[in-house]
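In: Mind looking at a prediction? Sequence and model below.
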Protein chains: 2
Amino acid sequence: MAPGPGDKTPGPGEDARVARTRADVSRAALGVLTDEGSDAVTHARVAELAGYSKTTLYTHWPSRVDLIVLAVDALGELPHHERTGNLRDDIIGELEAFRGGITEMRLDLILTGMAQWASVEEMRVIRDKINNSGQGQMRAMLGEILDGAELEAALSMLTGVVACPSIMFGTLPDDDVIAAAVDIVLRSAQRRKAFKR
Amino acid sequence: MAPGPGDKTPGPGEDARVARTRADVSRAALGVLTDEGSDAVTHARVAELAGYSKTTLYTHWPSRVDLIVLAVDALGELPHHERTGNLRDDIIGELEAFRGGITEMRLDLILTGMAQWASVEEMRVIRDKINNSGQGQMRAMLGEILDGAELEAALSMLTGVVACPSIMFGTLPDDDVIAAAVDIVLRSAQRRKAFKR
């Protein structure tokens, strides 16, 4: 009846029941992670919320990091801003989308939860993938005006204007602070261009 | 023999034995937190490392968040750069000190561990205190050239140039990226001044 062990990464031919179990448990694990923090993501709590037995969970996902990986799998698409062509507006829009993701998806808890578990190789791979995907659009936009060390710096700096207050103080930057951050980067890029002339 | 419960914040008149126990357990908890991550900070693991019984730990610090709070208490002074008077050098030096603290004290795990537990009021208070202390010198330096939303933005941005790659990818910015970040902020501040003239 129950799917066999070792089904942590089921292939395309997997039984529908396994897929359903996996989807249910993933959603429940994500719910616990974002509502209660990664420490609450235990087999007992996730089993309770998903409506499965602890034994079923232990059979398929023996360690707690397996449950965190499942939770992150259930995240779905990260929020991004649809580009308009105006670079300043688009960078601001992307930062506002990130800020919205912290409020609505608790991306701050996802970020810090993944960091806590990053000594596990499987988690580190997933973390890098999610974070690269999260920063991809911003990297492309900044790449239009910056390169090299300045591009890397600006990417971390603009991520930080939203991520740092959230992770460090549980607060979010208001619109003025986001706009100020973007203007610091844009003004600096213009000035660099002026110097080069 | 054993100190009574409720001694989580012992006053100056506390018994020497309680103080010693607290110091031993704090150090052990910090060791587990920075070597193995916050998930490993359990009564069993900390008791083992500190050389006390689990019962002793449960008596004084009944919940896991108590152990995390103890760990953070044992952190001691955060690394700061000694100012020279050259603002650019001093901002770069302060970011390098932060980067060194991630390597040597695993401040990344402290930061993300505190964030994971921030739903507990006691943890949130300690987190805010530590993070304000961590950012204090940088805030003072940036306050010499920026104010308002630009100051808040630049503070998060420069924190982010070190914190974001570390938390998101387990990497640290090299000297070029740190210098580029500082120049982005300084160049922008100069340009703002030029416009105001």
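Out: Received, thanks. Keep in mind it's a predicted model, so treat the numbers as computed, not measured.

In: if I look at residue A:167, how far off is residue A:177?
Out: Here the distance between residue A:167 and residue A:177 works out to 15 Å (C-beta to C-beta, to the nearest Å). C-beta here means a position set from N, CA and C on the backbone, and glycine is covered the same way.

In: more crowded one of these two?
Out: Neighbours per residue (other C-beta atoms under 10 Å in any protein chain shown) separate residue A:167 from residue A:177, with residue A:167 holding more: 28 against 24.

In: Nearest residue to whatever residue of chain A ends up closest to chain B in space, please, no chain neighbours.
Out: Nearest to chain B in chain A, going by C-beta to the nearest C-beta, is residue A:160, at a distance of 1.3 Å. Beyond its immediate neighbours in the sequence, the residue positioned closest to residue A:160 (C-beta to C-beta, 6 or more residues apart in numbering or on different chains) is residue B:160, lying 1.3 Å away.

In: domain assignment for chain A?
Out: Using automatic domain parsing, the domain parsing of chain A gives A:16-73, A:87-196.

In: Can you say which of the ones you listed is nearest to residue B:58?
Out: Proximity to residue B:58 (C-beta to C-beta) singles out domain A:16-73 among the domains of chain A, at 17.2 Å.

In: Tell me how far the closest one lies from the chain's centre.
Out: 18 Å (C-alpha atoms, centre = their mean, to the nearest Å).

In: quick one: low-confidence ranges for chain A?
Out: Across chain A, residues meeting the criterion (pLDDT under 70) sit at A:1-14, A:194-197.

In: Which parts of it are strands?
Out: For chain A, applying DSSP state E gives no strands.

In: Please tell me how far residue A:185 sits from residue A:155.
Out: For residue A:185, the distance to residue A:155 equals 10 Å [C-beta to C-beta].

In: for residue A:174, same thing?
Out: Computed with C-beta to C-beta, the distance linking residue A:174 and residue A:155 is 22 Å.

In: of those two, who's got more company?
Out: Set side by side, residue A:174 and residue A:155 show more neighbours around residue A:155, with 23 against 12, by other C-beta under 10 Å.

In: dump the residue contacts of the more buried one.
Out: A:135, A:138-139, A:142 (C-beta atoms under 8 Å, 6 or more residues apart in numbering or on different chains).

In: related to what we said a few turns ago, overlap in contacts of residue A:185 and residue A:155?
Out: Counting by C-beta under 8 Å, 6+ apart, the residues touching both residue A:185 and residue A:155 are residue A:142.

In: So for stretch A:140-147, what gets flagged as buried?
Out: Of the residues in stretch A:140-147, those buried by neighbour count under the rule 16 or more other C-beta atoms under 10 Å in any protein chain shown are A:141-142, A:145-146.

In: From these, pick the one nearest residue B:117.
Out: Ranking these by separation from residue B:117, with C-beta to C-beta as the measure, puts residue A:142 on top at 33.3 Å.

In: could you check the distance from the residue nearest to residue A:160 over to residue A:115?
Out: With distances defined as C-beta to C-beta, the gap from residue B:160 to residue A:115 amounts to 14 Å.

In: Residue A:81 too?
Out: For residue A:81, the distance to residue A:115 (C-beta to C-beta) stands at 25 Å.

In: neighbour-wise, which of the two wins?
Out: A count of neighbours by other C-beta under 10 Å puts residue A:115 above the other of residue A:81 and residue A:115, at 28 against 19.

In: Go ahead and confirm that one touches residue B:116.
Out: No. Taking contacts as C-beta atoms under 8 Å, residue A:115 lies outside contact range of residue B:116: 9.1 Å.
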